[in-house]
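Peer 1: I'd like to go over a predicted model; first the sequence, then the structure.
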Amino acid sequence: WKRPLADAMAAARPLVLRLLARGWAACLPVVVAEAAALQFRPWHPRTPLAPDRYGIPTPTAGEFVTPDVLLVPLVAVDARNYRIGYGGGFFDRTLAALAAAGRPATSIGVGFELARVADTLPGPHDIPLDFVVTELHGLGLIGNTAAEPERVRVVRVLREALESEAASRRDIGVACITAL
């Protein structure tokens, strides 16, 4: 489920495979309706995938699950952790829906250092990310200090996985993870 580097995002597969080996579960987003929150289906290396309406490979079957952590693609990000994605609003709607359902997910923006901008001019519907990771800055270096302790614990586990996968930092992208 690699995304082209030309799209300004790379695959999260090396990181997710490492987390799967540590007992985590992974899932991928599924667009179920144009103006709705994303849904998520479990993913493992043998999961059948098919391109969705946007050409993004997604799981074709399985029950929907609720992620605890979202690795969110970003095209641009500002110092307040507001991001610009591909303009569909899917991740903002998803973060809002998860929070409204009492299951807020830890959101980690993943992109390249060159994506940093002075201001993304966020609108009222935009939700800041809890953390941002780039090829130069690992998790925890740029983060929301108001994040709850449980979110910080999850991020520490991810940071450990990222640091041990240092050679792949330029090869991180969108994925969704459920902590066990």
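Peer 2: Perfect, I can see it now.

Peer 1: Tell me if G109 really is in a strand.
Peer 2: Yes. Counting by DSSP: H, G, I helix; E, B strand; the rest coil, G109 is located in a strand.

Peer 1: ok, it touching V133?
Peer 2: Yes. Using CB atoms under 8 Å, G109 is in contact with V133, at 7.2 Å. C-beta here means a position set from N, CA and C on the backbone, and glycine is covered the same way.

Peer 1: Okay, buried residues for stretch 59-67 please.
Peer 2: The neighbour-count criterion (16 or more other CB atoms under 10 Å) identifies 59, 65, 67 as the buried residues of stretch 59-67.

Peer 1: Oh, that last question was meant for stretch 28-44, not what I typed.
Peer 2: Residues of stretch 28-44 classed as buried by neighbour count (16+ other CB under 10 Å): 28-31, 37-43.

Peer 1: Out of the residues you listed, which is nearest to G88?
Peer 2: Closest approach between the buried residues of stretch 28-44 and G88, by CB to CB: V31, at 8.3 Å.

Peer 1: Quick check, that closest one in contact with P59.
Peer 2: No. The pair formed by V31 and P59 falls short of the contact definition of CB under 8 Å, at 12.0 Å.

Peer 1: Now stretch 78-92: average pLDDT?
Peer 2: Mean pLDDT, computed over stretch 78-92, is 89.

Peer 1: And for stretch 43-58?
Peer 2: Per-residue pLDDT values across stretch 43-58 average out to 88.

Peer 1: Could you do stretch 28-38 as well?
Peer 2: If you average the pLDDT over stretch 28-38, you get 91.
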